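# when you get a sec, could you give me coordinates for this:
(3 chains)
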Amino acid sequence: MSEKQLLKGNIAIAKAALECGCSCYFGYPITPQTEIGEYLSLEMQKRNLAYVCAESEIAAINMALGAASSGAKVMTSSSSCAVALMQEGLSYACSDELPIVLVNVMRAGPGQGYIYPSQGDYNQSTIGGGNGDYQTIVLSPCNVQEVVEMTYKSFYMAQKYRNPVILLVDGLLGQMAEPVNFINNPYEEIDNSSWRLDGAKGRPSREIHSLEPEQNKLNQHILKLSEKYRYIEQNEQDFEEYLCDDADIILTAFGTMARVAKAVCNHFREQGLKYGVFRPKTLYPFPYKRLRELSIKAKLFIDIEMNLGQMLRDIRLGVLSNAQVSFVGKPVGDWLKKEEIISAIENIAKECHASL
Amino acid sequence: MQVYSVPKSIKENSTFTFCPGCDHGVAIKLVAEVLDELNLRENAIAIASSGCSVLLYDFLDVDCIEAPHGRACAVATGVKRAHRALKNDKFVFTYQGDGDFASIGLAESMHSALRGENITAICINNTNYGMTGGQLGPTTVMGQVTATSPLGRNRQYHGFPIKTAEHIALCEGVSFCSRVALYNVKNIINAKAQIKKAFEYQQQGLGFSFVEILSTCPTNWKLSPSEAHKKIEEEISKIYPLGIFKDIKND
Amino acid sequence: MSYIKIDKDKCKSCYLCMETCPKNLIKKSNIIGKTGEYVVEFQDNNNQCLGCTQCAIVCPEIAITEVYR
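Coordinates of the predicted model:
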């Protein structure tokens, strides 16, 4: 399977999930991600796999929780305001150490908002709205090809780390068709026979729960989870650099905004200004390490987001006081055009440009 | 000849953590006995819930996952469907309180019943939120004094309770639905027979099976265990009548 | 000869077994249990136990662990 196909982002997610052995999908319709569930409804029934039109997103994430305990590969998908309903389930899944892939194809908010393209769920995904010390892994694709690759990676990382993974997709990307080289799933299978619940036959019974009345045991459990998160932070930071090596000014962006950022970068390079683009591919773990290295040499970082600066906090934490940090963005739901960004930057970077 | 022993599906050396005289212990014992009799222990996956029923996995020697509050039937749906997708058939049941099943989780419970998920739900109805100290719940009867209905449940102020079994019986996907009590030996034996039937209906793939168990909460009712049983016999079972509300084999 | 075994460590002194035994063979002992009340004991000096298991059926603690008939 290597010929190019023209695929919409949502369909690419569904196809890639099937390709890497997803056997359970639970979901509830919400624009702009509904095609994922629509596509899978037929394909999974044809294959005798588990597909439930859940009564709510709350039910969907809890069905996913139960299904994940069986050792099956499980996916649910939703969007922004409905992912908000799944926060309790994510907190449980983290504490229970259950692998769930949650695809969030973002829409504008807060509240009901609307279906306009948005990057408004950076905070919801990387910080989360559930209770307790927990972390979900968050992957952010910027084109449909990467949607396929990161769907594979989401399932792999969920199984490897026994943790929920959020595939955070811009609404634009879910709805956009692009040519895709539909590669095979490159990841190995992870053995889950030591923990899955499949009946206590020839072994002691197993229990999966987050309740722990003994204070000491609860502390130990949370510290064990924390160690896992630290390991993930050390080993899984992923990013893309574009012309960063000699850059004086680095544009930071995630998802589709990074594509616009590259066009902006090219525009300034043509004027002889040394621009680069830094794009986190993992939003958690955030690639602080490389960002810090880049901040030693670069003079100015300009963060570009389709929101009012949700990733900006992480950019500042990475850059510290090594360089200046500035921001270009619009409220969620308003697409930032290349020309708008260029004119905003010309304003922001006037002094910096003059000094170069 | 030994005519009674601790069920094999009860964990060795486990001790129930319920209040003295609480019917939860009897209900879990019955579930364990039926698991033994139907030889289900090694193929079963239990879903624990929030409330007094949460520590189920400390008592039952079967694989067990705890569901978030109210979501036991959704979790059970996921467990059952996932194993079917993996070409296994597992025996899946929930053990929930009335607050979990019929209040916070009513949507998940009823939709599982409507879909006819091939799972079994056991619901302990003790007419209050026991774990948190006896507050008004969905099944608190009219006039009942609780921590949050200090003057008694009142039609105008609190509204009406839910008759859970009667509502579940209306769902097309339900194979078996009954309400039982545990206030004397005869009722306990009958309750066990109903639980067994509910489990067998799942084994036969007939759809959602449900047993509501009227249970005492001596601590929060502020009655002795014996007085609490008397209350079930004389009051509660008149409001929530015992019996089989649906049996697709007989209907 | 029928008899029962009681695990006194499990008894929570609810006394439901005492009220259920048709021959009144279960009595309060002089041992104080975990709830601060006297736990029950089996007293059958005249071999009256029927081995009917009713005490075990009603015990919410599975503290009546064995019944022999």
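# and the strands in the stretch 151-251 of chain B?
B:174-181, B:208-214, B:243-247 (DSSP state E, counting those that start in this stretch).
# of those, which stretch is the most buried?
strand B:208-214 (a mean of 29; mean count of other Cβ atoms under 10 Å in any protein chain shown). C-beta here means a position set from N, CA and C on the backbone, and glycine is covered the same way.
# next one: that one to chain centre, how far?
Computed by Cα atoms, centre = their mean, to the nearest Å, the separation of strand B:208-214 from the middle of its chain amounts to 6 Å.
# which other residues reach stretch C:37-47?
B:20, C:1-6, C:8, C:11, C:13, C:15, C:17-18, C:23, C:25-33, C:49 (Cβ atoms under 8 Å, 6 or more residues apart in numbering or on different chains).
# buried set for that stretch?
C:38-40, C:42 (16 or more other Cβ atoms under 10 Å in any protein chain shown).
# just these now: which is nearest residue A:195?
Nearest to residue A:195 among the buried residues of stretch C:37-47: residue C:39, at 39.8 Å, using Cβ to Cβ.
# in its sheet, what does the strand or helix carrying that closest one sit against?
Secondary structure assigned from DSSP states H and E places residue C:39 in strand C:38-42. Using DSSP bridges, the strands paired with strand C:38-42 are strand C:26-32 (antiparallel).
# what's the spacing between the residue located most distally from the centre of chain C and chain B?
What lies farthest from the middle of chain C is residue C:36; by Cα atoms, centre = their mean that is 17.3 Å. Residue C:36 is 10 Å from chain B, where distance means Cβ to the nearest Cβ, to the nearest Å.
# re the thing from before, what's the average pLDDT for the strand holding residue C:39?
Mean pLDDT, computed over strand C:38-42, is 98.
# repeat for stretch B:24-39
According to the model, stretch B:24-39 has a mean pLDDT of 98.
# can I get the CA coordinates of it in CSV?
Below are the C-alpha coordinates for stretch B:24-39, written out as CSV (Å, rounded to 0.1, in the frame of the first residue of the first chain):
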residue,chain,number,x,y,z
HIS,B,24,-24.2,-5.7,50.6
GLY,B,25,-22.4,-8.7,52.1
VAL,B,26,-25.2,-11.0,51.4
ALA,B,27,-25.6,-9.7,47.8
ILE,B,28,-21.9,-10.2,47.0
LYS,B,29,-22.0,-13.6,48.6
LEU,B,30,-24.9,-14.6,46.3
VAL,B,31,-23.1,-13.3,43.2
ALA,B,32,-20.0,-15.3,44.2
GLU,B,33,-22.1,-18.5,44.8
VAL,B,34,-23.8,-18.1,41.3
LEU,B,35,-20.4,-17.5,39.7
ASP,B,36,-19.2,-20.8,41.3
GLU,B,37,-22.3,-22.7,40.3
LEU,B,38,-22.2,-21.6,36.7
ASN,B,39,-18.4,-22.1,36.6
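# is it up against chain A anywhere?
No: residues of stretch B:24-39 are not located near chain A by Cβ under 8 Å from any Cβ of the partner chain, the shortest gap being 10.9 Å.
# next one: stretch B:85-94
Yes: figure legend: stretch B:85-94 in contact with chain A (Cβ under 8 Å from any Cβ); contacting residues B:85-86, B:88, B:90.
# so which bits of that stretch are buried?
Here stretch B:85-94 shows B:85-86, B:90-94 as buried, counting by 16+ other Cβ under 10 Å.
# now the strands for chain C?
C:3-6, C:26-32, C:38-42, C:64-68 (DSSP state E).
# CA atoms of the shortest one as PDB?
When you say that, I think you mean strand C:3-6. These are the backbone C-alpha positions of strand C:3-6, laid out as PDB (Å, rounded to 0.1, in the frame of the first residue of the first chain):
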ATOM      1  CA  TYR C   3     -22.600 -28.200  63.500                       C
ATOM      2  CA  ILE C   4     -21.300 -24.900  62.200                       C
ATOM      3  CA  LYS C   5     -18.000 -23.000  62.300                       C
ATOM      4  CA  ILE C   6     -17.900 -19.300  63.100                       C
END
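# note down every partner strand of it and its orientation.
When DSSP bridges is applied, strand C:3-6 pairs with strand C:64-68 (antiparallel).
# quick one: buried residues of the strand it pairs with?
C:64-65, C:67.
# mean confidence for that strand?
98.
# can you tell me the closest non-neighbouring residue to residue B:35?
For residue B:35, the nearest residue in space outside its immediate sequence neighbours is residue B:9; the separation is 4.2 Å by Cβ to Cβ, 6 or more residues apart in numbering or on different chains.
# how far does stretch A:40-58 stretch from start to finish?
Using Cα to Cα, to the nearest Å, the end-to-end distance of stretch A:40-58 comes out at 20 Å.
# so which bits of it are buried?
The neighbour-count check on stretch A:40-58 (16+ other Cβ under 10 Å) flags A:40, A:44, A:49-52, A:54-58 as buried.
# and that stretch, anywhere near chain B?
Yes: using Cβ under 8 Å from any Cβ, stretch A:40-58 reaches chain B at A:48-50, A:52, A:54-56, A:58.
# could you save these as JSON lines and add columns showing secondary structure and pLDDT?
Listed next are these as JSON lines, based on DSSP: H, G, I helix; E, B strand; the rest coil; pLDDT from 0 to 100:
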{"residue": "A:48", "secondary structure": "coil", "pLDDT": "97"}
{"residue": "A:49", "secondary structure": "coil", "pLDDT": "98"}
{"residue": "A:50", "secondary structure": "strand", "pLDDT": "98"}
{"residue": "A:52", "secondary structure": "strand", "pLDDT": "98"}
{"residue": "A:54", "secondary structure": "coil", "pLDDT": "98"}
{"residue": "A:55", "secondary structure": "coil", "pLDDT": "98"}
{"residue": "A:56", "secondary structure": "coil", "pLDDT": "98"}
{"residue": "A:58", "secondary structure": "helix", "pLDDT": "98"}
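# give the contact list for residue 48.
With no chain named, the answer covers chain A. Residue A:48 touches residue B:85, counting by Cβ under 8 Å, 6+ apart.
# looking at chain C here, not the other one
C:23, C:25.
# export the buried residues of stretch A:40-58 as a markdown table, with columns for distance to residue B:244.
Listed next are the buried residues of stretch A:40-58 as a markdown table, based on distance: Cβ to Cβ, whole Å:
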| residue | distance to residue B:244 |
| --- | --- |
| A:40 | 39 |
| A:44 | 36 |
| A:49 | 35 |
| A:50 | 31 |
| A:51 | 33 |
| A:52 | 28 |
| A:54 | 30 |
| A:55 | 27 |
| A:56 | 30 |
| A:57 | 35 |
| A:58 | 31 |
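# which two in these are spaced the farthest apart?
Going by Cβ to Cβ, the pair spanning the buried residues of stretch A:40-58 furthest: A:49 and A:58, at 22.3 Å.
# can you tell me the closest non-neighbouring residue to residue A:122?
Closest residue to residue A:122 apart from its sequence neighbours, by Cβ to Cβ, 6+ apart: residue A:310 at 3.7 Å.
# check the burial of the one you found by counting its neighbours.
23 (other Cβ atoms under 10 Å in any protein chain shown).
# residue boundaries of the helices in the stretch 1-150 of chain B?
With DSSP state H, counting those that start in this stretch as the criterion, the stretch 1-150 of chain B has helices at B:24-37, B:56-59, B:72-85, B:98-99, B:106-115.
# same for the shortest one, what does it pack against?
This points to helix B:98-99. Judged by 3 or more Cβ pairs under 8 Å, 6 or more residues apart in numbering or on different chains; DSSP states H and E, helix B:98-99 is in contact with strand B:120-125.
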